[in-house]
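Asks: Pasted the sequence and its predicted model underneath.
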Number of protein chains: 4
Amino acid sequence: MPDTPTITTQEEVMFFDTDCGGVVHNLAYLRFIETARTRLATQMGMNLREMTQTHLFPALLRTEIDYRRAAVLGDILEITGGLESLDRLRFWCAFRITRPSDGSLIATSRQQLALVRIPPGKPERLPAEWLEKYSHLQKKHERRNQG
Amino acid sequence: MPDTPTITTQEEVMFFDTDCGGVVHNLAYLRFIETARTRLATQMGMNLREMTQTHLFPALLRTEIDYRRAAVLGDILEITGGLESLDRLRFWCAFRITRPSDGSLIATSRQQLALVRIPPGKPERLPAEWLEKYSHLQKKHERRNQG
Amino acid sequence: MPDTPTITTQEEVMFFDTDCGGVVHNLAYLRFIETARTRLATQMGMNLREMTQTHLFPALLRTEIDYRRAAVLGDILEITGGLESLDRLRFWCAFRITRPSDGSLIATSRQQLALVRIPPGKPERLPAEWLEKYSHLQKKHERRNQG
Amino acid sequence: MPDTPTITTQEEVMFFDTDCGGVVHNLAYLRFIETARTRLATQMGMNLREMTQTHLFPALLRTEIDYRRAAVLGDILEITGGLESLDRLRFWCAFRITRPSDGSLIATSRQQLALVRIPPGKPERLPAEWLEKYSHLQKKHERRNQG
């Protein structure tokens, strides 16, 4: 069975995640996703401590996020996501933020990334082993582009 | 000539806007846009200090952002944007972040919003005066949906 | 034996915690402490979800923080702390951030707080049960003031 | 007359600066001070864009901040501060955050810094020209230490 990298993280909503509207601020949801995506990258073989040596960083090309329901102070949120598709230069991840206590869907997000060497800041080809290991996701990506 | 609300703000990239990749962190661009959008709202007649009395807040429904080029510490960035379209319940804004020193386009973003009363957290109709004043933008929105 | 509330939390250094100097940004350490202190408050009987009902919030009066060593991307940091002393209106907490992998002391901090009802924003007396339960810490506070 | 570097900056309180207590979150005040201090550094001859070349960064050693009054959404705050004292390896800055609309003092802060080359992360001597130019502040520092 093909291996699809997935991740689940948990966040408890803190004061600094909320604003005076009484709900979680939109920037906080992206920080939660940031943490989940970084742990997904670790799982796919990218080591955070090595990045500062290799200067090869996952760089966001695009973020889409839909805010569906407001979370509040003290909520325990679950962020689940994974690698959705990839081609030779870019990959897409998708994430869902839910509140398990009442089953609410809080937000959904898709992000497109590349691996960029800084400097000079140019995207590099994704590792050959990713294209092999996740070839089932590569096909999916091609179909989407033809659609 | 119809009135289209637009805004321009400026940000100087600070240490807290950057990360150890040496460039501006993706969350910082959204904070810059947040500030521009809040000033746009003020210009459209929504007063920040009144919001905490009326409990009627502009709430993000969706964000799309494309990161096109990396900005670095000390860059002066310009955020320009405006109201793009609206219907009775929602409105779209669009923003561009540029670096005037070399004319670079750093990021582009579109955001969909509603006016939400908190509590109970339900969207309300946009002000009748917006629909009148920005009727030229309302048509554009309808065309997009039919496209 | 008297009960002294203490807390230990863990943080993995993410990109958004660092800056282009290559190390953790000073604001991130305070966010780590914020999370630890909020969990300490929960342990002392203050429920996050109740605060938004009672409008009684722990409010910072003063922060002191010494940055002793720089942490970097991917570090696992441990934040330990607890209630240090209290009088009828205020309490002090103290925190240490360490990096267990090499035993480094990263930062130390002390914070003075009150319980404030918002509105009107005035400090209230600390709960009588705190003064009883933590009477051994109250004496310590008095001694410090005489010193 | 001796030259004492001072700075004044302005911030308008945005949603992301506030929390669900309805007031500005404590981390936001430190971000405001961060911006003021960075502009002070620029004025003292440290260029942000050069720092990433020279790898010589101003690094915080200690922060003290007293939160005196709560600011709210839409407030215009003024941050004033300057160089307070220095010795061969360290310097202190002091800042005040006020709300000009009603003359409120919102917060006061003192910060101790050094100039650190990263890597290796060791403090360097302050520039000789600082010690000359700000010799009147150096004396003040010595007196404090003897006090």
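Replies: Sure, I can see it.

Asks: Hmm, A:Glu34 is touching C:Asp17, no?
Replies: No. With contact defined as C-beta atoms under 8 Å, A:Glu34 does not count as touching C:Asp17 (10.2 Å). (Glycine included, C-beta is placed from N, CA and C.)

Asks: which of the two has more neighbours?
Replies: Regarding A:Glu34 and C:Asp17, a neighbour count based on other C-beta atoms under 10 Å in any protein chain shown identifies C:Asp17 as having more, with 25 against 21.

Asks: so what's that one up against?
Replies: Shown in contact with C:Asp17 (C-beta atoms under 8 Å, 6 or more residues apart in numbering or on different chains): C:Glu11, C:Val24, C:His25, C:Ala28, C:Arg31, C:Leu73.

Asks: Just among those residues, which is most surrounded?
Replies: In the contacts of C:Asp17, the most neighbours by other C-beta under 10 Å go to C:Val24, 26 neighbours.

Asks: center of chain A - which residue?
Replies: Averaging the C-alpha coordinates of chain A gives a centre point, and the residue nearest to it by C-alpha atoms, centre = their mean is A:Arg37 (3.6 Å).

Asks: burial count for the closest residue to that one other than its chain neighbours?
Replies: Spatially, and ignoring its direct neighbours in sequence, A:Arg37 is nearest to A:Cys93 (5.8 Å; C-beta to C-beta, 6 or more residues apart in numbering or on different chains). The burial metric for A:Cys93, expressed as a neighbour count using other C-beta under 10 Å, is 25.

Asks: again, but for A:Glu132
Replies: Neighbours of A:Glu132 under the rule other C-beta under 10 Å: 9.

Asks: just to revisit the earlier point, narrow the contacts of C:Asp17 to those in strands?
Replies: When the contacts of C:Asp17 are checked against strands (DSSP state E), the matches are C:Glu11.

Asks: quick one on the thing from earlier: check whether the residue nearest to the centre of chain A sits in a helix, strand or coil.
Replies: Classification of A:Arg37 into helix, strand or coil gives helix, according to DSSP: H, G, I helix; E, B strand; the rest coil.

Asks: Could you report the separation of it from B:Asn26?
Replies: Counting by C-beta to C-beta, to the nearest Å, the gap between A:Arg37 and B:Asn26 amounts to 11 Å.

Asks: Likewise for A:Glu11?
Replies: Using C-beta to C-beta, one gets 18 Å for the distance from A:Glu11 to B:Asn26.

Asks: Which of the residues in stretch A:119-135 are classified as buried?
Replies: A:Leu126, A:Trp130, A:Lys133, A:Tyr134 (16 or more other C-beta atoms under 10 Å in any protein chain shown).

Asks: What of stretch A:88-108?
Replies: Under the neighbour-count rule (16+ other C-beta under 10 Å), stretch A:88-108 has A:90-99, A:106-108 buried.

Asks: What pairs with the strand ranked longest in chain A, parallel or antiparallel?
Replies: The strand spanning the most residues in chain A, taking DSSP E as the definition, is strand A:104-117. Strand A:104-117 has its sheet partners listed here by DSSP bridges as strand A:56-67 (antiparallel), strand A:90-99 (antiparallel), strand A:122-124 (antiparallel).

Asks: Just after the longest one, pick out the following helix or strand.
Replies: Which is strand A:56-67. The first helix or strand that comes after strand A:56-67 along the chain, using DSSP states H and E, is strand A:76-86.

Asks: by contact count, what packs against that following strand?
Replies: Based on contacts counted as 3 or more C-beta pairs under 8 Å, 6 or more residues apart in numbering or on different chains; DSSP states H and E, the elements that strand A:76-86 packs against are strand A:6-12, helix A:26-43, strand A:90-99, strand A:104-117, helix A:135-146.
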